[in-house]
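Trainee: The sequence and its predicted three-dimensional model are supplied below.
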Amino acid sequence: MAASQSNIIGNNGVVFEDFLPTMVEKLGEEGFMKELCNGFRLLMDEKKGLITFESLKKNLGVLGLKGMNDEEVKEMLKEGDVDKDGCLNQMEFCVLMFRLSPGLMESSRRWLQHALAN
């Protein structure tokens with residue numbers, strides 16, 4: 001595992017490798033944000049423009065999470081649902097991805113400290 005990657009342990013005990021910091025390094029900030037937006041569009045309900053319970057459940061295979069039950073899917077949505085509408089808009093999705101990535105959070109903290117020092 002690269003130094004910029006770490007493991008994330010989900011509520012169900014599943015360990016996910018955190019590849020987001022590596023993606024930022026390879027794609028740059030702009031390219032990474034574009035990929036996050038692509039990920040959102042892949043998971044969203046095209047008619048609503050949001051990630052809904054139904055659209056997330058339908059696309060669990062894309063995420064490698066095909067075996068999740070309905071309650072676990074609802075918990076995933078709830079984790080990022082800031083406005084409590086039961087869905088994720090693009091901003092909520094992006095914030096959730098950053099929150100779930102310890103490596104990105106650490107990189108962001110270092111960048112902010114450096115920016116404030118200058």
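Mentor: Cool, got the structure. Residues are numbered from 1 along each chain as shown.

Trainee: Quick check: mean pLDDT of stretch 45-55?
Mentor: Across stretch 45-55, pLDDT averages out at 97.

Trainee: Likewise for stretch 69-81?
Mentor: Throughout stretch 69-81, pLDDT has a mean value of 92.

Trainee: Name the residues that touch it?
Mentor: 11-12, 51, 53, 56-57, 60, 68, 86-88, 92-93, 95-96, 99 (Cβ atoms under 8 Å, 6 or more residues apart in numbering). For every residue, glycine as well, the C-beta is placed using N, CA and C.

Trainee: and after the lengthiest helix in the chain, which helix or strand comes next?
Mentor: As assigned by DSSP state H, the longest helix anywhere in the chain is helix 20-43. Scanning forward in sequence from helix 20-43 by DSSP states H and E, the next helix or strand is helix 53-58.

Trainee: Only alpha carbons, please: show stretch 22-29 as PDB.
Mentor: Extracted in PDB, the C-alpha atoms of stretch 22-29 (Å, rounded to 0.1, in the frame of the first residue of the first chain):
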ATOM      1  CA  THR A  22      -3.500   8.800  -4.500                       C
ATOM      2  CA  MET A  23      -6.200   9.900  -7.000                       C
ATOM      3  CA  VAL A  24      -5.600  13.500  -6.100                       C
ATOM      4  CA  GLU A  25      -1.800  13.100  -6.500                       C
ATOM      5  CA  LYS A  26      -2.300  11.500 -10.000                       C
ATOM      6  CA  LEU A  27      -5.100  13.600 -11.300                       C
ATOM      7  CA  GLY A  28      -4.500  16.900  -9.600                       C
ATOM      8  CA  GLU A  29      -7.200  18.800  -7.700                       C
END
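
Trainee: Check which helices and strands the longest helix of the chain sits against.
Mentor: helix 90-99, helix 102-117 (3 or more Cβ pairs under 8 Å, 6 or more residues apart in numbering; DSSP states H and E).
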